[in-house]
Structures are given as C-alpha cells and as structure tokens.
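A.B. asks: here's a sequence, model it:
(chains A and B)
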Amino acid sequence: MLLINCPYCGERDQSEFSYGGRHAKYPALDSTASIEKWHRAIHLHHSSQNLIREYWYHECGCEQWIEIDRDVDSHEMTPVSGADEPITRDQG
Amino acid sequence: MTGCLRITANCPAMKYSVFSLLGKAFNGRQKWPKIIQPQQLKPAYDIVIAGAGGHGLATAHYLAKNHGIDNVLVLDSGWIGGGNTARNTTIVRSDYLLNASFTLKNFALQLWDGLSQELNFNLMYSPRGYIDLAHSDGELEHFLLRANAMRLGGANAEILTPKEIRAKVPGINLTRNSRYPVSGALYQAEGGVVRHDAVAWGFARSASSAGIHILQNCPVNDIKVQNGKIAAVSTPQGSINTGKLLLTAAGATPGLAAMTGISLPIELINVQAFVSEPVKPILHAVVNYNAGLSYISQSDKGELVMGGATDAYISTARRGSFTGIEDTLARAMQMFPFISHLRLMRHWSGTADIPMDGNAIVGNTPIENLFINCGWGYAGFKATPAVGWAMAELLASETLPELLEPFSLDRFETGALIDDAGIGPYPWLH
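C.D. replies: Numbers count the residues shown, from 1 in each chain, chains lettered A, B, ... in the order given. All right, here's what the predicted structure looks like:
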C-alpha cells in the first residue's frame, strides 16, 4: 500500500487517489507533428529507469492533480508539486 | 565460450504410465529420470528463445513436434515455473468479443483438451465451466452479444439465469439486496483450470526429450546486432550465436527489446493472487465477479484460489499490498459471504506487461531475424499452447500465421488497435 504525501493535504492513503500515469509530453494539438511523433508521445513511454514522474489525482481529498517522483521497484516517492498544467506541451 | 557446462547424457525422457508409476513405487521411488536432460551448451543455435515460461517452452515443443527443428536453446534468467506461468490463477477460457482475441484463445482451448496425452504429462485440465457474472441488464445485454459472437466462432456459450447459476454454484449469494445484485451470467462449459506449473514442466520435458536445450538461471545480458540482424546473445555462460531470436520473457521483454534499440508500447504493472486455507469441496466452477474484478475457483487441494484486477499503477515490485488484497476479497465476499470465515494461506504477485491497448504483441519486429511475444499482461496463461503453436510456425516458416496477424507490433503506429475493453492507452486500467 502506498502512502502519498499530497502537497495540499499531507500524507494520505493510496485508496483516496486515482492514477494518472506517467508525466507525458505531447505535441501541440495545432502543430503539424508527424504520426511517428504522436506514436512516441502516446505509446512509447516505457524505460528501464526505475525512477519515474507520474500523475495522481486526489479524488477523495482536495480533488487536485499532483505530480510525484516514484521508484517503481521500491515505491519510494517524493511529491513534486501540484500539477497545474497536467499536460505539458512542447513546441512539437 | 567460458566454462564447461553440463555432462552430456542423452537419454530420452521416460514415458509415464501406470506401470512406470508402480515400478518406481516398488523401487523406493528412486531413479526417476530428470525431466530436463543434462545438455552441453553449444556455441551456436538456429534459434534462441529468451524466456522459459509456458509460452517459450510451448514454442520449443511445437518447433520440434510440428516442424522437426531441434537446434534450439531456451534460456531463462530464473527457474522453470518461477515466472508468470506459475503466478496466475490457472484459468482457461475463450469468452472474448473481438475476433483476434477469441480465435487465438479458442484455438488454445481446443489444444488444452488433448495436451496431457500429447505431452504424456498430467496437466490436470479440468473443464469445470467458467461463469462470468453480470450485475445489470445492460451488462447482460453485452454478455449476450459476446455469447453470440462466440457461438458464431464455433464455441459454446450460454446465458444463465440466476436460478441456473444457483444450480451450478449452490453457495453463491444471489440476494437482490447485495451491493451489486447478479442479473445473470455468461457460461462457457469448456472453460476451467489447468495446473500451471505442470504446463511449464510438461512442455519443458517434451522439448528437452526432443533434443532442445533448456538453460535455467541464465539471463541474457546483452544482444549483439550486426548489420541490422541479431548475431548473438551474451550470457554469464558466454556469448551464444543464433540464427533467430525470440523474446518471450513477459515483464523482462521491454528491457530485452531495448538492447536491440526497439521501444515497446508496454507498461509493467503488479498483479496479485492468493489462496485460502483448504476447505471441503464448495465450489465446482470458476466464477468471475464483474463489478470490479474478482475471480475464484477451488483447487484440488481445497484452497480457494482468488485473483482480481491489477494494482493499477506502474510497478515492478512483485510484492503484495493490502489495497489489492482488500479490493479482491471484498468482491469475492459479495459472491461467497462464507469466505469471511477463512484465512489466507499464501499470497504472491507478478509483473504483468500490459500494452497500450491491453492486448498482446506477437510476431515480427523491425529486425529481420528478431521475433517477439509479449504484452500478455495478466491474460496470457490461457493462450499458452496456441501462441506456442503459431510462434513455432512463424519461426520455422518465416511466414506470419493468420492467427497472429492482428497482434503485430506496428498496429500502434497504424492505429489497428485491438482494445477488447475499449479503454484506450492506459495500461493500468486494462
């Protein structure tokens, strides 16, 4: 079981949160990014690094999206911040 | 090559029969031949299979049996029956709506039926019936659609009323005041359970007695690509040249593929399962609760075998969590309230490799002599013999069998996804 340190509410049980997956960077919607670029952005997230940055949604708490750095093997985590912009766009 | 590895002693596996059993019984149960023959590792093979799970070993078995190819090495970083093949809840069924998923799993179900005889190894296939519970009229409508699709595909499927469910599962809670009342079920009579570690050992024994080499506790540390083709795999036992390479290592596959420069559209997610203490026979069928997910069957030893959804976040921990246990057990208790009196006896978890559309990736890769079979998530056990059969055909003939066409790696780029549940690119929700 994970204990997530919400930057707004403090330490809360994982069951209060729902998962938002990896921090992702998508091409801008009005850009002329290639299919290949979209494919990479949507599908090819896996890396052999254990430390990942990810989103959680504090559904049964402050209802804010937060970003966390977590080791996917040890589950050690550091809350990064509230995710004011849940989708970070590049110049794609 | 470093190190001399095994003493060669090429005796074929003993044929098990009632006479061999009696003979050994009077013999103090001594001198049973080894299931895997001791073999001298060669510097080169026609085919190397990375991953000695059910799928890898089934592929080896059918390479020998259907195609007469035995210059094959199956490697595993762990031991046989130590990975996902022996970490599942042993359920087999083919109740899928989409053609690609249904056809492959239904072919597997037909193969399960004759495999114990074929392998001369008791896989304990028990077609005790699979009951998928619906909890609303809408869900039952969907099950009717799925049952009709299955029947059009040549499988048996029935819709059960609560009264008919009661006849098959007397202990089930069908009261209307439960949290998610049961409105009916989809029933597949041929569905059931297969003894999972027997599957791994049965295929291993058959492949080994055909002359295929199997090496446990030997990880692939690197893959050598030369002129755009796989040349060799590097292992603690030395470098081994190969004509073709198949990656079929479940959660370890993305890491192996990365050694060749290929990224896979997969996330790794923890799945848990557990058994209760053994009790007298109470549950004959396999039953699945669909408001959330909780599937349950009773083993021959009397334990209730239970599993549920994934842990729903990226994890390679292979550890349990109370969140997962509570989630699955709360649903199991909705079906069978008496479970609250039982204690859990064992609990384990495994790393599920779940692709972005929730369906497996099987077939060719951008590298000509590299083949792949992964992304089975927590749904791969039931498909084992069919995948082995089709993958052997692909490795032998280099022509993609029709059965595997929909499962290509490039479908993520072309958009031809096979998303059985219609969920989208969120592997933790599949």
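A.B. asks: contact partners for the residue of the stretch 51-200 of chain B found nearest chain A?
C.D. replies: Nearest to chain A in the stretch 51-200 of chain B, going by Cβ to the nearest Cβ, is B:Ser77, at a distance of 14.6 Å. C-betas here are computed from N, CA, C, even on glycine. Shown here is B:Ser77, whose contacts under the criterion Cβ atoms under 8 Å, 6 or more residues apart in numbering or on different chains are B:217-220, B:249, B:252.
A.B. asks: surely it is in a helix?
C.D. replies: No - going by DSSP: H, G, I helix; E, B strand; the rest coil, the assignment for B:Ser77 is coil, not a helix.
A.B. asks: what residue in chain A is the furthest from its centre?
C.D. replies: A:Thr32 (25.2 Å; Cα atoms, centre = their mean).
A.B. asks: what residues are up against it?
C.D. replies: Contacts of A:Thr32 by Cβ under 8 Å, 6+ apart: none found.
A.B. asks: cool, the one 3 residues further on as well?
C.D. replies: With contact taken as Cβ under 8 Å, 6+ apart, A:Ile35 is in contact with B:Glu413.
A.B. asks: quick check: the gap between it and A:His43.
C.D. replies: Per Cβ to Cβ, to the nearest Å, A:Ile35 is found 11 Å from A:His43.
A.B. asks: same thing with B:Trp112?
C.D. replies: According to Cβ to Cβ, B:Trp112 and A:His43 sit 32 Å apart.
A.B. asks: tell me the spacing between A:Pro79 and chain B.
C.D. replies: 15 Å (Cβ to the nearest Cβ, to the nearest Å).
A.B. asks: what is B:Asn288 paired to in the beta sheet?
C.D. replies: B:Asp132, B:Tyr295 (DSSP bridges).
A.B. asks: tally of neighbours for it?
C.D. replies: By other Cβ atoms under 10 Å in any protein chain shown, the residues close to B:Asn288 number 24.
A.B. asks: one more: the one 4 residues further on?
C.D. replies: Other residues lying near B:Gly292 total 14 when counted by other Cβ under 10 Å.
A.B. asks: hmm, B:Gly324 and it touching each other?
C.D. replies: No - using Cβ atoms under 8 Å as the test, B:Gly292 is too far from B:Gly324 to be in contact (11.6 Å).
A.B. asks: between the two, which contacts overlap?
C.D. replies: Shared contacts of B:Gly292 and B:Gly324 (Cβ under 8 Å, 6+ apart): B:Gly308.
A.B. asks: got phi/psi on the closest residue to chain B within chain A?
C.D. replies: Going by Cβ to the nearest Cβ, chain B is nearest to A:His43 of chain A, at 3.6 Å. For A:His43, the backbone dihedrals (degrees, to the nearest 10) come out as phi -110, psi -40.
A.B. asks: would you map the helices across the stretch 101-250 of chain B?
C.D. replies: Secondary structure of the stretch 101-250 of chain B by DSSP state H, counting those that start in this stretch: the helices cover B:137-152, B:162-168, B:196-209.
A.B. asks: output the shortest one as PDB - backbone C-alpha positions only.
C.D. replies: These are the backbone C-alpha positions of helix B:162-168, laid out as PDB (Å, rounded to 0.1, in the frame of the first residue of the first chain):
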ATOM      1  CA  PRO B 162     -29.800 -16.600 -11.600                       C
ATOM      2  CA  LYS B 163     -31.700 -19.800 -11.000                       C
ATOM      3  CA  GLU B 164     -29.400 -21.700 -13.400                       C
ATOM      4  CA  ILE B 165     -26.400 -20.100 -11.800                       C
ATOM      5  CA  ARG B 166     -27.700 -21.400  -8.400                       C
ATOM      6  CA  ALA B 167     -27.900 -24.900  -9.800                       C
ATOM      7  CA  LYS B 168     -24.200 -24.800 -10.800                       C
END
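A.B. asks: burial check on the closest residue in space to B:Arg331 that isn't next to it in sequence, number of neighbours?
C.D. replies: Counting by Cβ to Cβ, 6 or more residues apart in numbering or on different chains, B:Arg331 lies nearest to B:Ser294, which is 3.5 Å off, once chain neighbours are set aside. By the criterion of other Cβ under 10 Å, B:Ser294 has 24 neighbours.
A.B. asks: distance of B:Ser294 from B:Phe143?
C.D. replies: Relative to B:Phe143, B:Ser294 is positioned 17 Å away (Cβ to Cβ).
A.B. asks: low-confidence stretches in chain A?
C.D. replies: Low-confidence segments of chain A (pLDDT under 70): A:84-92.
A.B. asks: may I see the buried residues of stretch B:421-430?
C.D. replies: In terms of neighbour count (16 or more other Cβ atoms under 10 Å in any protein chain shown), stretch B:421-430 has its buried residues at B:425-430.
A.B. asks: what do you get for stretch A:56-70?
C.D. replies: A:56-58, A:61-62, A:64, A:66-68, A:70.
A.B. asks: run the chain-centre distance for it.
C.D. replies: Relative to its chain's centre, stretch A:56-70 lies at 9 Å (Cα atoms, centre = their mean, to the nearest Å).
A.B. asks: endpoints of that stretch, how far apart?
C.D. replies: Length of stretch A:56-70, first residue to last, Cα to Cα, to the nearest Å: 11 Å.
A.B. asks: again with stretch B:278-296
C.D. replies: Start-to-end span of stretch B:278-296 (Cα to Cα) is 14 Å.
A.B. asks: what does stretch A:39-56 give?
C.D. replies: 23 Å.
A.B. asks: can you tell me which helix or strand of chain B has the lowest average pLDDT?
C.D. replies: Here the helix or strand of chain B ranked lowest by mean pLDDT, DSSP states H and E is helix B:18-26, holding a mean of 87.
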